[in-house]
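Q: Here is a sequence with its predicted model. Questions after.
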Amino acid sequence: MRNIILVKHARPHVVEDVPSTRWRLSDEGRRKAELLAGRLAAYDVLRIFTSDEMKAVETGEILARILDRPAAVAPGLHEHDRANVPLMQPREFISHMAHFFKHPDEPVLGNETANEAADRILDAVDDLVAANPEGNLAVVTHGTVLSLLICEYADHDPFTLWRRLEQPSFAVFRVPGWELGELVERI
């Protein structure tokens, strides 16, 4: 048995005219990523993989520095593709996300359905697990796809989980079998 730790990146600094894929961590996000590293130290992570989005990359870099482990960007770990969606007010965004999770086969928000995003993240994480057959892995990704991924293996409502997962947060699964060992909603 080994652990796969699925991590939601730390809090970014939101810049309205910059695509969310390029948002960098806020000062609070960097501080919380350091606290996250302390929590993950107990799992003796061998490797860290991140999405290619800056907030995930920077979270992974902080984990790598503190845990003294290598970090690398891996394909398919990015957030649900919302590149064509403008920045919304929180209430409006939450309403759209509720509809997104409730209608997983419909293109509700962005360029991917919930099921398409779930299939992509599942394949990406499965590929990482297969390509790295030994040791515990940390995978730094994003709230929507992380919620979809967790709910594939654990009995949770994805919208409710999405609302509860703070930046950063993490879930630990024991593989093979994908048994949920720990779910930490806030650091």
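A: Looks like it arrived, so ask away.
Q: Please make it C-alpha for all contacts and neighbour counts, starting now.
A: OK.
Q: State whether residue 83 is indeed within a helix.
A: No - according to DSSP: H, G, I helix; E, B strand; the rest coil, residue 83 belongs to no helix; its state is coil.
Q: so how far is residue 6 from it?
A: Counting by C-alpha to C-alpha, to the nearest Å, the separation of residue 83 from residue 6 is 23 Å.
Q: same check, this time on residue 118
A: Applying C-alpha to C-alpha, the value for residue 118 to residue 6 is 14 Å.
Q: swap in residue 131?
A: 16 Å.
Q: Look at these two and report which has more neighbours.
A: Per other C-alpha atoms under 10 Å, whichever of residue 131 and residue 6 has more neighbours is residue 6, with 24 against 9.
Q: List the contacts of that one.
A: Counting by C-alpha atoms under 8 Å, 6 or more residues apart in numbering, residue 6 touches 138, 139, 140, 141, 146, 170, 171, 172, 173.
Q: and which of the residues you listed is nearest to residue 18?
A: Minimum separation from residue 18 among these (C-alpha to C-alpha) is found for residue 141, which lies at 19.2 Å.
Q: So residue 60 lies in a helix, does it not?
A: Yes - membership of residue 60 in a helix is supported by three-state DSSP.
Q: where do the helices sit along this structure?
A: Secondary structure of the chain (DSSP state H): helices located at 27-40, 54-67, 90-102, 114-131, 143-153, 158-164.
Q: Quick one: neighbours of the closest residue to residue 113 other than its chain neighbours, just the number.
A: Spatial nearest neighbour of residue 113, excluding adjacent residues (C-alpha to C-alpha, 6 or more residues apart in numbering): residue 107 at 4.7 Å. Close neighbours of residue 107, defined as other C-alpha under 10 Å, add up to 14.
Q: same thing with residue 68?
A: Residue 68: 14 neighbours (other C-alpha under 10 Å).
Q: gap between it and residue 32?
A: Between residue 68 and residue 32 the distance is 17 Å, computed by C-alpha to C-alpha.
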